[in-house]
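Colleague: When you get a sec, could you give me coordinates for this:
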Amino acid sequence: MFHVLFIVLLFQFDNDMTDGGAGYKTGFAFACLLNLYAFLCVANSNPGYVSEQERCPEDQEDIYREQDRIRRERIAERVKSKRERERHATEAEVVADDDDDGGDDAELPDLESGGGDRTSERRGEDEGTGGLLGAPGGASNSSDLATATSSSFVGADNSEPPVGQYCKHCKAWQGLRTKHCHDCGRCVRKFDHHCFWVGTCVGEKNHARFVTYLFTETAGILWAFHISVTGVRMYDTWDEIFQKNAGPVIMCFVLFLFILFVGGLFGFHVFCMATNQTTWEVASKRKISYLKGVPDNVYAFDRGFARNVREFCCAPPPARYEMRSLRELRQFSAKETIWENRYWVCC
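Modeller: Residues are numbered from 1 along each chain as shown. Here you go, the predicted structure:
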């Protein structure tokens, strides 16, 4: 309706549309049809709903609940143990500072290991959420796992039984980057957001088409804005200037607002494509369990600009999304780049 309204209004004033001839009008009509085609490709499309094969069988639901409860208890126990080691290490440091003779160093706890068993600590780090990554849908993204620590996602232990977080609404596995959409009533893989303009979620299967639609929409609005600008003319009297230019000026203002909104949205999604992120991950990074502890200057699923764009545009969705360990991400965050280094930070 907006497109039809603006096109009708463009024909009401003297501008490049009315003065450009049949070729100019045909080109603009082709751009509008291309935009319509891009819209129809993404409207009401499948964003990547979790398939029926990934849903939890009813007779296994209690087992999955119990496995998830055990995993939560293990994570909470690791957090408690870590805090106890830190507390004992702090107390030992205080005692060492007060000890002037320094003759009883052998009786102090091993500060390097935090006063605990180094073997068990490494086992806790390597234990991670191997069950999560081995589950049908991968690791859980539930924001309820606020107790997940950095070591929880370091590695995988195949000796543990496969466990996972299931969605309590549709009883489907929630792997990495999966989220339940309450508007659609289903879980969506690589969930970006729910767009009421296109009537569906944006996910792994239609994100590229959605960005294409934003590109054609932005290009069409820019062209319409140019046509509106050409409708502003100079006249002999001030009354004619204000009266005859009122329509084109209002059109320019409205279209400029659309450019800011649609063009800004297009630019943001290009950024997400280049860094392999989603709108949900950018907006809720502090609430998503598997992103807790990830440094701010790195992106958990980034594989480089060229590979990110190629996989976004051409490659089929992976069977399961995999995330690098937090140790590797922290090492990468310590590297200096042209944007962030010891001398300046651009962004």
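
Colleague: looking at it, residue 309 is touching residue 274, isn't it?
Modeller: Yes - assessed by C-beta atoms under 8 Å, residue 309 is found in contact with residue 274 at 6.6 Å. C-beta: built from backbone N, CA, C; applies to glycine.

Colleague: average model confidence for the helix or strand containing residue 224?
Modeller: Element membership of residue 224 [criterion: DSSP states H and E] is helix 207-230. For helix 207-230, mean pLDDT is 94.

Colleague: helices and strands around it, which ones?
Modeller: helix 2-10, helix 16-19, helix 21-42, helix 238-258, helix 264-275, helix 305-313 (3 or more C-beta pairs under 8 Å, 6 or more residues apart in numbering; DSSP states H and E).

Colleague: Could you save those helices as JSON lines and add columns showing mean pLDDT, distance to residue 79 and mean neighbour count?
Modeller: As requested, the helices and strands packed on helix 207-230 are arranged in JSON lines below (pLDDT from 0 to 100; distance: least, C-beta to C-beta, whole Å; neighbours: other C-beta atoms under 10 Å):
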{"stretch": "helix 2-10", "mean pLDDT": "83", "distance to residue 79": "52", "mean neighbour count": "14"}
{"stretch": "helix 16-19", "mean pLDDT": "84", "distance to residue 79": "65", "mean neighbour count": "16"}
{"stretch": "helix 21-42", "mean pLDDT": "92", "distance to residue 79": "43", "mean neighbour count": "14"}
{"stretch": "helix 238-258", "mean pLDDT": "84", "distance to residue 79": "48", "mean neighbour count": "15"}
{"stretch": "helix 264-275", "mean pLDDT": "96", "distance to residue 79": "30", "mean neighbour count": "16"}
{"stretch": "helix 305-313", "mean pLDDT": "93", "distance to residue 79": "33", "mean neighbour count": "14"}
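
Colleague: For residue 202, find the nearest of the ones you listed.
Modeller: helix 21-42 (7.9 Å; C-beta to C-beta).

Colleague: low-scoring pLDDT stretches of the stretch 1-150 of the chain, where are they?
Modeller: 52-68, 95-150 (pLDDT under 70).

Colleague: Please enumerate the helices of it.
Modeller: Secondary structure of the stretch 1-150 of the chain (DSSP state H, counting those that start in this stretch): helices located at 2-10, 16-19, 21-42, 61-98, 118-127, 130-134.

Colleague: which residues are in contact with the third one?
Modeller: It refers to helix 21-42. 3, 7, 16-17, 198, 200, 202, 206, 209-210, 212-213, 215-217, 219-220, 223, 227 (C-beta atoms under 8 Å, 6 or more residues apart in numbering).

Colleague: how about a cut-off of 6 Å?
Modeller: 198, 206, 209, 210, 212, 213, 216, 217, 220 (C-beta atoms under 6 Å, 6 or more residues apart in numbering).

Colleague: ok, and the closest non-adjacent residue to the last one?
Modeller: Computed as C-beta to C-beta, 6 or more residues apart in numbering, the closest residue to residue 220 that is not its neighbour in sequence is residue 35, at 4.9 Å.

Colleague: ok, the one you found to residue 3 distance?
Modeller: Relative to residue 3, residue 35 is positioned 8 Å away (criterion: C-beta to C-beta, to the nearest Å).

Colleague: and if you look at residue 305?
Modeller: 33 Å.

Colleague: Check residue 335 too.
Modeller: Residue 335 is 47 Å from residue 3, by C-beta to C-beta.

Colleague: same question, residue 215
Modeller: 16 Å.

Colleague: swap in residue 43?
Modeller: 14 Å.

Colleague: With residue 13 instead?
Modeller: Computed as C-beta to C-beta, the residue 13 to residue 3 distance reads 17 Å.

Colleague: my guess is residue 188 meets residue 201, correct?
Modeller: Yes - shown here, residue 188 and residue 201 form a contact pair, counting by C-beta atoms under 6 Å, at 4.8 Å.

Colleague: shared neighbours of these two, anything?
Modeller: Each of 47, 181 lies in contact with both residue 188 and residue 201 under the rule C-beta under 6 Å, 6+ apart.
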